[in-house]
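Novice: Just a sequence and a predicted model for now, questions to come.
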Amino acid sequence: HIDYLDLFKDIQQKGKAVRIWGSFEQLQVMHRELDPTKVIYNTGASSLDEAMKILNWFKKNT
């Protein structure tokens, strides 16, 4: 959750990966702030089209 962004940054600075959750919009913000090579993302989608939109955004921005 975006409220834990500072904690996630601290964990990553120690060389660990983090599992983050939230809405797609929240994940977009956190993706820009965190090392994407050390993140497992967890979100939901209401349709296959929405899921593909989310996946394509991450592919384009990683």
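Specialist: Received it, and whenever you're ready, just let me know what you need.
Novice: got the contact list for the longest helix seen in the chain?
Specialist: Longest helix in the chain by number of residues, with DSSP state H as the criterion: helix 48-60. Outside helix 48-60, the residues that touch it by Cβ atoms under 8 Å, 6 or more residues apart in numbering are 24, 28, 31, 41, 43, 45. Backbone N, C-alpha and C define where each C-beta goes, glycine included.
Novice: Stretch 2-18 too?
Specialist: The set of residues external to stretch 2-18 that reach it, using Cβ under 8 Å, 6+ apart, is 20, 22, 26, 29-30, 33-35, 38-40.
Novice: The same query, at a cut-off of 6 Å, please.
Specialist: 22, 26, 30, 34-35, 38-39 (Cβ atoms under 6 Å, 6 or more residues apart in numbering).
Novice: Show me where this structure has its helices.
Specialist: Ranges of helices within the chain are 5-13, 24-33, 48-60, based on DSSP H.
Novice: got CSV for the ones you listed, with mean pLDDT and mean neighbour count too?
Specialist: Below are the helices of the chain laid out as CSV (pLDDT from 0 to 100; neighbours: other Cβ atoms under 10 Å):
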stretch, mean pLDDT, mean neighbour count
helix 5-13, 97, 14
helix 24-33, 95, 15
helix 48-60, 97, 12
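Novice: hmm, back to that, how far away from the center of its chain is the longest helix of the chain?
Specialist: Relative to its chain's centre, helix 48-60 lies at 13 Å (Cα atoms, centre = their mean, to the nearest Å).
Novice: Just the CA trace of that helix, in PDB.
Specialist: What follows is helix 48-60, C-alpha atoms only, in PDB (Å, rounded to 0.1, in the frame of the first residue of the first chain):
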ATOM      1  CA  LEU A  48      -9.100  -9.300 -19.300                       C
ATOM      2  CA  ASP A  49      -8.800  -6.000 -21.200                       C
ATOM      3  CA  GLU A  50      -8.100  -4.100 -18.000                       C
ATOM      4  CA  ALA A  51      -5.500  -6.700 -16.900                       C
ATOM      5  CA  MET A  52      -3.800  -6.400 -20.300                       C
ATOM      6  CA  LYS A  53      -3.700  -2.600 -20.000                       C
ATOM      7  CA  ILE A  54      -2.000  -2.900 -16.600                       C
ATOM      8  CA  LEU A  55       0.400  -5.500 -17.800                       C
ATOM      9  CA  ASN A  56       1.300  -3.500 -20.900                       C
ATOM     10  CA  TRP A  57       1.900  -0.300 -18.800                       C
ATOM     11  CA  PHE A  58       4.400  -2.200 -16.600                       C
ATOM     12  CA  LYS A  59       6.200  -3.700 -19.600                       C
ATOM     13  CA  LYS A  60       6.500  -0.300 -21.200                       C
END
